[in-house]
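Participant: this one's structure only:
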């Protein structure tokens, strides 16, 4: 079985966000595999252990994103592909990334593609579905269980606190939700082996993509921190007095009634 995983390198979720000139500063920041993509990597490795085959991890990003691929290979993926975006002029959005990934994947053999259901930095949850549409294959998002028997795929999908059961066929793209599995930690032998596993480096010229096609469809106008919350008020007196004071505050201060 040929298994592809599309992943992204993101800020460590414990990092403090600092803005400089309206942009997020990367100074001294620790980068990790996007947490939802870790579930995708783990599930891919489990599929390889069950069915045999090969796991290829793919990312689009700057040179530092190679570390995310090495971590995935230390977990058990077999090889990696990184598309360097350093020379890309202009902004890249989900439309851009999906087209670049499709340009890479069209030249590969695959049975299933896994991604995280969203990236924790932008939270758009668009790249996976867009990629499936470009490749002309079915997709199922936010899965919490995956079973493959021959070319039949059965999944359990998270739907707002309930579960939906879906059956489909390979090839397919699925996006991983929390609860799908528990990602393993890279072992020391795995880390050493990962250094020798093949990693292919591409740039946009290698993909022969129309630059106009890659132009972002969205524009970030401003990035800002949310306003600090003011201290709450504690109402005093008996219940009827508290109710009267609450109504007054909602009417005259909050102006919501």
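Facilitator: Done, it's in. If you're wondering where the values come from, they're calculated on a predicted model, not measured in any experiment. Residues are numbered from 1 along each chain as shown.

Participant: Show me the strands in the stretch 101-250 of the chain, by range?
Facilitator: Secondary structure of the stretch 101-250 of the chain (DSSP state E, counting those that start in this stretch): strands at 112-116, 139-149, 152-159, 162-169, 172-176, 199-203.

Participant: and the longest one, which strands flank it?
Facilitator: Each strand that pairs with strand 139-149, with its direction, by DSSP bridges: strand 152-159 (antiparallel), strand 172-176 (parallel).

Participant: Looking at the strands of the stretch 101-250 of the chain, which one is packed in the most?
Facilitator: Stretch with highest mean neighbour count among the strands of the stretch 101-250 of the chain: strand 112-116 (a mean of 27; mean count of other CB atoms under 10 Å). Using the backbone N, CA and C atoms, a C-beta is placed for each residue, glycine as well.

Participant: tell me the angle that one makes with strand 152-159.
Facilitator: In terms of direction (axes from the mean of the first three to the mean of the last three CA atoms, to 10 degrees), strand 112-116 departs from strand 152-159 by 20 degrees.

Participant: from the chain's centre, how far out does strand 112-116 sit?
Facilitator: Distance of strand 112-116 from its chain centroid, counting by CA atoms, centre = their mean, to the nearest Å, is 10 Å.

Participant: now stretch 215-227
Facilitator: Counting by CA atoms, centre = their mean, stretch 215-227 comes out at 18 Å from the chain centroid.

Participant: doesn't residue 56 make contact with residue 78?
Facilitator: Yes. Counting by CB atoms under 8 Å, residue 78 touches residue 56, with 6.6 Å between them.
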